[in-house]
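> Take a look and give me a structure for this.
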Amino acid sequence: MLRHLRVTNFAILSDVTLELSEGFNALTGETGAGKSLIVEAVNLLRGGRASSNIPRTGADQAVVEAIFAVPDDVAPMVAGMLDAFGLPGADDHGEVVVRRVISRGGRSRTYVNGALTTAGNLAELGAVLVDLSGQHQHQGLVDPRRHRQILDTFADNDERVARMAEAYQAYARAQAELDALATDERAAVERADFLHFQLEELERARLEPGEDVALERERERLGSIDQLATAAARAEALAYGNDASAVDLLGQAVAELDRVLAIDAALAEPRGQLEEARILAEEAGNALQHYADSLEGDPDRLGVVEDRLALLRRLIRKHGGDLAQTLARFEALRAELTGIDNRDEQIAALERSRDSALELARQSGAELTERRRQVAEQLEAEAEAALAELGMGGARLSITVESAPLAAHGADRVEFLLSANPGEAAKPLAKVASGGELSRIMLALKLVLRRADAVATYVFDEVDTGIGGATAEVVGRQIRAIADMRQVLCVTHLAQIAAFADNHVHVAKSVVNGRTETTLKRLDGKQQRNEIARMLGGVRITERTRAHADEMLAAARRRRRRA
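Alright, predicted model coming up:
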């Protein structure tokens, strides 16, 4: 609910603060005092458009800021929006702070919980926080695009609509894939030709994992035959072939130890190690000789290796960063070609999926249609009963549920039609209802929808225009009933309505130092009585009007207790 509102340098609102409570909050005061400016300020907090003449004369900018306490049933939706918009969440008390700064010329900045955001984001969030209705604020009610949503809200159709949307989306995805396959048939043929060419080149290459590394090693070896042969021959000579080679020297060392081994057996271990080293040196010499004998230059093989490496490098540049990626690309191309070659099977599978999803979507749509038609009758009856109480006993609300092309929301076109007087044909609301009638129709719908409508605060701006007497009291009772479920802020000129308020705020205008100023005052019991008396009797308040005010307030309290 709207807990706190502050408006600064907004037309004649220099700096006003409004503290609101749960239930029914009434704003009263003389015409021109600034009540509608308060409503306009609230509309800005819903993302409404800012006009260029909002800032007070002499001020560069106007500021509107508010604290909203989010009800539990609205909190998940608000939290989801804040997260989606990348905005900070509600604080530990479940409160959201909204601020609009409007510069002269109409430019504005929008903040939610201290973070800068767009007016579009605020409009989505504000639609959940505040519902504003008045003589010129009925766009949602007269717009047929909203009627299906209103009916679904009343019917508690959330789960049905979600199932319908899921089934339709599955159908739409399968159909889109089929359309893409049909549209891209020529492209697919061209792609298949291209894939065949690419794969033929790769298949001819007969690539092997890691062969580029092995070939690089072989190329280096083939190019270093002379260096390898020289090194092997020299090492063989030092180890075995020369006089005084390692083998000869180690043999001499063994012989020296053999002469004294009988004197001290402790020399047996080093003697064995030297013998082992001699044998290893001899074996290494033989191996080196064999290696050197086997080395032969092979220019033809070197050419083959270099040609193969050149081919690998070209394919790697063309298809991937290294040989492994090129091989992966080969497999991907082959899989893609298989998919194209299996096009008929793919189309058949998609057609089966599409037909299954379409059947489920049609079933879900038929279930929704049946539910909407059933509940439409109930909503018509409840709305007409509420309209009758509002002095429109001859009015008939007709809700049409007509067939429409299947979509994510079902297969229905829903529209609210009204016959304002007996004998008149039902017509769209925008064509048959006056501003006052629309106000009462809106009020009737809000009354019957108050338990299901996910909005934290309702704002009613002079919805009492054109009514009076007993009808005004009924309007007061109906707003009171709505306020039992949702916070209400109501701007009214009628005492019969204001008498039902839990929190009564008086709006007054005066001239201070040559400037017009608006002030807001929260009324206590006695002050509310005097304001009700003023609304009943005009400028001169008499004991009779005060008594009438007492009677009206007492009656409102009794009705509240009975409710």
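> List the contacts of stretch 513-531.
By CB atoms under 8 Å, 6 or more residues apart in numbering, the surrounding residues in contact with stretch 513-531 are 12-14, 16-19, 28, 33-34, 37-38, 498, 501, 503-511, 541, 546, 549-550, 553. Quick note: C-beta positions are derived from backbone N, CA and C, even for glycine.
> change it to 6 Å
Residues from elsewhere that reach stretch 513-531 (CB atoms under 6 Å, 6 or more residues apart in numbering): 12-14, 16, 18, 34, 504-510, 549.
> Please apply the same query to stretch 535-548.
495, 533-534.
> repeat for stretch 98-117
Contacts of stretch 98-117 (CB under 6 Å, 6+ apart): 44-45, 50, 52, 54-55, 60-66, 85, 87-88, 97, 119, 122.
> Out of the contacts of stretch 513-531, flag the one nearest to residue 476.
Of all the contacts of stretch 513-531, residue 476 sits closest to residue 504, with 12.5 Å by CB to CB.
> contacting residues for that closest one?
Here residue 504 is in contact with 26, 523, 528 (CB under 6 Å, 6+ apart).
> re earlier: mind putting the contacts of stretch 513-531 in CSV, distance to residue 350, pLDDT and secondary structure included?
Output for those, formatted as CSV (distance: CB to CB, whole Å; pLDDT from 0 to 100; DSSP: H, G, I helix; E, B strand; the rest coil):
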residue, distance to residue 350, pLDDT, secondary structure
12, 65, 87, coil
13, 62, 90, strand
14, 66, 89, strand
16, 63, 92, strand
18, 59, 92, strand
34, 63, 87, coil
504, 65, 95, strand
505, 63, 94, strand
506, 68, 94, strand
507, 64, 93, strand
508, 70, 92, strand
509, 69, 90, strand
510, 74, 89, strand
549, 73, 90, helix
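> And the buried ones among these, selectable in PyMOL?
Restricted to buried positions by 16 or more other CB atoms under 10 Å, the PyMOL selection for the contacts of stretch 513-531 reads:
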select buried, resi 12+13+14+16+18+34+504+505+506+507+509+549
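> farthest pair in the contacts of stretch 513-531?
14 and 549 (30.8 Å).
> okay, residue 502: pLDDT?
Note on residue 502: pLDDT of 92.
> Can you give me the separation between it and residue 86?
Distance, residue 502 to residue 86, using CB to CB, to the nearest Å: 37 Å.
> With residue 50 instead?
When CB to CB is the yardstick, residue 50 and residue 86 sit 23 Å from each other.
> Looking at the two, which has the bigger crowd around it?
Between residue 50 and residue 86, counted using other CB atoms under 10 Å, residue 50 has the larger neighbour count: 23 against 9.
> Which pLDDT does the model give the more buried one?
So residue 50 comes in at 76 (pLDDT).
> SS state for it?
Assigned with DSSP: H, G, I helix; E, B strand; the rest coil, residue 50 falls in the coil class.
> Quick check: it vs residue 166, distance?
Residue 50 sits 39 Å away from residue 166, going by CB to CB.
> Residue 90 now?
29 Å.
> Which parts of the stretch 51-200 of the chain are strands?
Here the stretch 51-200 of the chain has its strands, by DSSP state E, counting those that start in this stretch, at 61-69, 95-103, 108-112, 115-117, 130-134.
> Off-centre distance for the fourth one?
When distances are taken as CA atoms, centre = their mean, to the nearest Å, strand 115-117 is centred 16 Å away from the chain's centroid.
> List the buried residues in it.
Those would be residue 117, for strand 115-117 by 16+ other CB under 10 Å.
> Within the sheet, what are the partner strands of that strand, with directions?
Sheet pairing for strand 115-117, assigned by DSSP bridges, gives strand 108-112 (antiparallel).
> Where does pLDDT dip in the stretch 401-550 of the chain?
Counting by pLDDT under 70, the stretch 401-550 of the chain shows low-confidence ranges at 432-437, 439, 451-454, 462, 538-539.
> which stretches of it form helices?
For the stretch 401-550 of the chain, applying DSSP state H, counting those that start in this stretch gives helices covering 429-432, 435-449, 469-483, 495-498, 525-537, 543-562.
> just the stretch 101-250 of the chain next, same as before
All helices of the stretch 101-250 of the chain, identified by DSSP H, counting those that start in this stretch, fall at 119-129, 139-142, 144-155, 158-183, 185-205, 211-222, 225-236, 246-260.
> Tell me the buried residues in the last one?
By neighbour count with 16+ other CB under 10 Å, helix 246-260 contains the buried residues 246-247, 250-251, 253-254, 257.
> buried set for stretch 389-398?
Of the residues in stretch 389-398, those buried (16+ other CB under 10 Å) are 389-392, 395-397.
> what pLDDT, on average, does it get?
On average, stretch 389-398 scores 82.
> Show residues contacting that stretch.
Outside stretch 389-398, the residues that touch it by CB under 6 Å, 6+ apart are 380, 383-384, 387, 417-422, 426, 440, 471, 474.
> so which of those residues is the most crowded?
Sorting the contacts of stretch 389-398 by how many neighbours each has (other CB under 10 Å) puts residue 440 first, at 27 neighbours.
> Can you pull the phi/psi pair for the residue lying closest to it once chain neighbours are set aside?
With CB to CB, 6 or more residues apart in numbering as the criterion, residue 440 has its nearest non-adjacent residue at 4.5 Å, and that residue is residue 390. The phi/psi pair for residue 390 (degrees, to the nearest 10) reads phi -90, psi 10.
> show me what contacts residue 274?
By CB under 6 Å, 6+ apart, residue 274 lies in contact with 250, 253-254.
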